[in-house]
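**Q** I need the structure of the sequence given here:
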Amino acid sequence: MIDDIDVVGLRMELEHSHCELGHGPHDLTPHRTIDYLIMPTGYKGQTDANLVIPICQECLDGISDPAWTLIYCLECTESQWILREIAKMQYRHDILWLAGCPTCGGEFGGIWFNDSEVKPQEWDLLLRNVA
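**A** The predicted model follows:
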């Protein structure tokens, strides 16, 4: 997943980084990072690299709250929170990872998902408090 040297580097950056997830169109204030969302990436079960996303307490709570689904584009790094009870579609997953989205205008290349209850080793989302 992520080695100890990378964890030390993330700890050092924690104090100076801000959440990289969307907080709505009118919220422009920087939110202090308290943790990292780490997604191993690769092809056919082989992890080549890790996608590391700094997140704040509000986003950490949202990921673990069954009322919300996070949609994250792997191409342009745009993200959006969906409140499941008022959504037009029936979202069942905690995080939906898109390869291409309408914001970046890229060609849609697929969708992947993670659920906090179901975590196969190769798709494990590591919410590790490194503070």
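
**Q** ranges for the helices of the chain?
**A** Along the chain, the segments classed as helices by DSSP state H run 4-14, 57-64.

**Q** and those, which is most packed in?
**A** Ranked by mean neighbour count under mean count of other Cβ atoms under 10 Å, the helices of the chain are led by helix 57-64, which reaches a mean of 16. Just so you know, the C-beta spots here come from the backbone N, C-alpha and C atoms, and that holds for glycine as well.

**Q** can you list the neighbours in contact with it?
**A** Under the contact criterion Cβ atoms under 8 Å, 6 or more residues apart in numbering, helix 57-64 has outside partners 19, 21, 23, 31, 34-35, 37, 55, 68, 70, 81, 94-95, 116, 127.

**Q** what about residue 18, how many residues nearby?
**A** Other residues within reach of residue 18 by the criterion other Cβ atoms under 10 Å amount to 12.

**Q** ok, it to residue 48 distance?
**A** With distances defined as Cβ to Cβ, to the nearest Å, the gap from residue 18 to residue 48 amounts to 27 Å.

**Q** ok so, going back, redo the helices of the chain as CSV? Include mean pLDDT and distance to residue 110.
**A** Rendered in CSV, the data for the helices of the chain read as follows (pLDDT from 0 to 100; distance: least, Cβ to Cβ, whole Å):
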stretch, mean pLDDT, distance to residue 110
helix 4-14, 76, 27
helix 57-64, 90, 21
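
**Q** quick one: these as JSON lines, columns for distance to residue 101 too.
**A** Formatted as JSON lines, the entries for these read as follows, by distance: least, Cβ to Cβ, whole Å:
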{"stretch": "helix 4-14", "distance to residue 101": "26"}
{"stretch": "helix 57-64", "distance to residue 101": "18"}
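
**Q** nearest to residue 105, out of the ones you listed?
**A** Set against residue 105 and scored by Cβ to Cβ, the helices of the chain come closest in helix 57-64, at 25.3 Å.

**Q** surely residue 111 is in contact with residue 101?
**A** No - with contact defined as Cβ atoms under 8 Å, residue 111 and residue 101 do not form a contacting pair (10.1 Å).

**Q** pLDDT at the residue minimising distance to the centre of the chain, what is it?
**A** Relative to the mean C-alpha position of the chain, the nearest C-alpha, by Cα atoms, centre = their mean, is the one of residue 37, at 5.3 Å. At residue 37 the predicted local distance difference test score is 85.
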